[in-house]
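In: dropping a prediction and its sequence here:
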Amino acid sequence: MRRSPSMACIALADGAGSRAKSEVGAEVVVRTTLRLLAAQFDEIYAMCVYAENSARRHIHDRLLESLQRAASRHGCDVRALASTLLFVAHKGDRFLAGHIGDGVIARIDEGGTAQALSRPDNGEFANTTVFVPDPTAVERFRLFYGGPEQSASGYVVMSDGCAESLYDKRTGNPAPAINKLLSWNQELSRTKMDGILAANLKQAFSKKSADDCSLALLSVKRC
């Protein structure tokens, strides 16, 4: 997560279990995304409005550049650093969100309804997906953006492991627990919230899935 007085952004990457250095790639992708959004939110938002394909390629190119440098440092092919990517950034009354691969981005609208902003991108089989270094990633890179008319009170990004508990595959909707998590995120201190999340990840979410369980929350406070 990265936060300043004017904006906040969250990002999550889930490394491909079959790739040798996927945990390195996941960290690189998250750090690059947060740094890029913090520095270029306005420019990327404008690109989304006027040339969405350019915005998609701009972000993906920066990710590949960082992954190539990491691959050189670790003496491996960039494909060994494969991971998914999910992010949300909020500034003023605007938001940007992006998604490559599986996992879920959920939001709470102003009426308090939990919605799936972006659902898992799985291939022909349920356990296959696309990763950031893949040749088809930029074409399958989903970007979302909006202003006050798409306002939300909060966002959650989650890996496929957490989605087993917080997302209903049958209906395509997030679980009601999303509302509670974001409510706590608004009300509690960061230390207490970190403790709640750690306990749930260990005691609840991980028991429903053998996959890695990760999630990040972003609450929007209206002035």
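Out: Received, thanks. Residues are numbered from 1 along each chain as shown.
In: distance check, the residue of the chain most remote from its centre against A20.
Out: Here the chain reaches farthest from its C-alpha mean at G75, the gap being 27.5 Å by CA atoms, centre = their mean. Distance, G75 to A20, using CB to CB, to the nearest Å: 11 Å. (C-beta placed from N, C-alpha, C; glycine too.)
In: shaky segments in the protein?
Out: 123-127, 202-211, 222-223 (pLDDT under 70).
In: in it, which residue is most central in space?
Out: L86 (2.1 Å).
In: report all helices and strands that the strand or helix carrying F87 contacts.
Out: Element membership for F87 (DSSP states H and E) is strand 85-91. The contact analysis (3 or more CB pairs under 8 Å, 6 or more residues apart in numbering; DSSP states H and E) places strand 85-91 against strand 7-12, helix 22-50, strand 94-100, strand 104-109, strand 152-158.
In: which residues touch P133?
Out: 25, 64, 67, 78-79, 81-82 (CB atoms under 8 Å, 6 or more residues apart in numbering).
In: the nearest residue to it once chain neighbours are set aside and M7, how far apart?
Out: The shortest distance from P133 to any non-neighbouring residue, by CB to CB, 6 or more residues apart in numbering, is to V78 (4.9 Å). Distance, V78 to M7, by CB to CB: 30 Å.
In: and if you look at G25?
Out: Note on G25: its distance to M7, by CB to CB, is 26 Å.
In: and the two? which has more neighbours close in?
Out: G25 (31 against 18; other CB atoms under 10 Å).
In: so who does that one touch?
Out: Here G25 is in contact with 13, 15, 19, 67, 70, 80-83, 132-133 (criterion: CB under 8 Å, 6+ apart).
In: show me the contacts for the spatially closest residue to it that is not a sequence neighbour.
Out: Spatial nearest neighbour of G25, excluding adjacent residues (CB to CB, 6+ apart): L81 at 2.8 Å. L81 is in contact with 19, 21-22, 24-25, 28, 67, 70-71, 74, 133, counting by CB under 8 Å, 6+ apart.
In: fine, thanks again, bye for now.
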